[in-house]
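K.L.:
Below are the sequence and a predicted model for it; my questions follow.
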Amino acid sequence: MTEAYDEEIPGQAVEVRGFHDFAIAALQVSMRSPMFFDSSLALSHTLLTMLGVEVSVQFEAPVPRQVPLLVVSNHRSFLDAPLLITTLNHSVRFACHHYMSQVPGLREFVTALGCFPLDSPDQRHHTFFDRATRLLQSQEIVGIFPEGTQSMIDVPNPDEFRSFHRGFAHLALRAPIENLTILPMAIVSSDESQGPVAPLQLFQWFDPSEPLFKQSGWHPAVVYHRVEVRVGTPIPVTEALREQYRGKQGRRLAHDLTQTCSDSVAQLLHA
C-alpha cells in the first residue's frame, strides 16, 4: 500500500434494541451534525460512532475526485455502505435490493443514505441502467455491491466474497459517461458480531419475487467492531474499450472487466 492512515471514530457504543428504532435515532442524531449538508455522510458517521466501530483506511493510490466514479466492493453487512461513504468522505448513491425500500425502518435507512432501490425482477435491469446512468451524468458517485443479495443472507468469511455479477461492467462499458473510473474497494473485518434479525420468510411480505426469502432460517446482521477499508487502484474505462464493447466482443469485455475488478478486490482482501 502506498498510502495509509488509521482513524478511530470516537463515540460510545449503543445497544441496538431494534433496527427501526436504531435507524430513526441515528438519523435524528445526524440531523444535529455539522455535516448535515450531506445527510448521507452525517448519517454514516453517526452510525459508526453510535456503534463504536473502529475504522482504519488504506489507499493503494490517490482517489480521483473530479471524474464520475463507480465504486465496487465486497458486501457482508448493513454497515458496508456507511463505511464506504465515510472512507470517501462523500455521498455515494448505492443500488440496493427492492425489499429494502419496503421494510419499515430499513426503508428510512436506505432513503437517508441516498440509495436507489432496484425494481421488481421484470424491470430491474432497465431501471438500474437508467438511474445509474443519470446519476453518473450528474457527477454523482455510484456504488455497486456486485455479489448481490446472497452475501447478506449466507454471510461469507471476512476474507472471502462471492462471484461478481456483470451488471456493473455492462453499465460502465455501455453508459455514455466520459472519463468514467471504477474504484475497487474491500472491507476487511477483524472483529465483529453476528445475530439474527428476522425470519427470512417474513420478507416475502415485502418482496415475494425473491427466492432467498422462501427458505427457512433467519436473516442475519453483521455488526463490525474493528474493520479496515482498503481502497484499490482506480480502473479507467477508456473510449477504446467502449468501441470494442459495441462490437462483437461485448460479452467477453464485460466478463474481463468483471474479472479485473473481482481480482482487485481479492488482492485487497488478502493484502
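P.N.:
It's in. Residues are numbered from 1 along each chain as shown.

K.L.:
quick one: average confidence on stretch 136-150?
P.N.:
Averaging pLDDT along stretch 136-150 yields 92.

K.L.:
Equivalent analysis for stretch 238-252, please.
P.N.:
Rounded mean pLDDT across stretch 238-252 is 90.

K.L.:
Show me which strand runs longest in this structure.
P.N.:
What stands out as the longest strand in the chain, according to DSSP state E, is strand 181-199.

K.L.:
continuing past that strand, what's the next helix or strand?
P.N.:
Of the helices and strands lying after strand 181-199 in sequence (DSSP states H and E), the nearest is strand 218-231.

K.L.:
any chance you could map the strands in the stretch 51-200 of the chain?
P.N.:
54-59, 69-73, 93-96, 116-117, 141-144, 181-199 (DSSP state E, counting those that start in this stretch).

K.L.:
List just the one of those strands that sits closest to residue 221.
P.N.:
Each of those was scored for nearness to residue 221 using Cβ to Cβ, and the closest is strand 181-199 (4.8 Å). Using the backbone N, CA and C atoms, a C-beta is placed for each residue, glycine as well.

K.L.:
and that closest one, what other elements does it pack with?
P.N.:
Applying 3 or more Cβ pairs under 8 Å, 6 or more residues apart in numbering; DSSP states H and E, we find strand 181-199 packed against strand 69-73, helix 80-88, strand 218-231, strand 235-236, helix 250-269.

K.L.:
if we can go back for a sec, per-stretch mean pLDDT over the strands of the stretch 51-200 of the chain, give me the minimum one.
P.N.:
strand 116-117 (a mean of 86).

K.L.:
In its sheet, which strands sit next to it, and in what direction?
P.N.:
strand 93-96 (parallel) (DSSP bridges).

K.L.:
ok so, going back, mind listing what's buried in the longest strand of the chain?
P.N.:
181-189, 192, 197 (16 or more other Cβ atoms under 10 Å).

K.L.:
need the strands of the stretch 51-200 of the chain in TSV with distance to residue 213, can you?
P.N.:
Below are the strands of the stretch 51-200 of the chain laid out as TSV (distance: least, Cβ to Cβ, whole Å):
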stretch	distance to residue 213
strand 54-59	31
strand 69-73	24
strand 93-96	15
strand 116-117	16
strand 141-144	22
strand 181-199	9
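
K.L.:
closest to residue 244 out of those strands?
P.N.:
Closest approach to residue 244 among these (Cβ to Cβ): strand 181-199, 16.4 Å.

K.L.:
Strand partners (parallel or antiparallel) of that closest one?
P.N.:
strand 69-73 (parallel), strand 218-231 (antiparallel), strand 235-236 (antiparallel).

K.L.:
looking at those, which is buried most?
P.N.:
strand 69-73 (a mean of 26; mean count of other Cβ atoms under 10 Å).

K.L.:
Show me the one of the strands of the stretch 51-200 of the chain that comes nearest residue 240.
P.N.:
strand 181-199 (15.0 Å).
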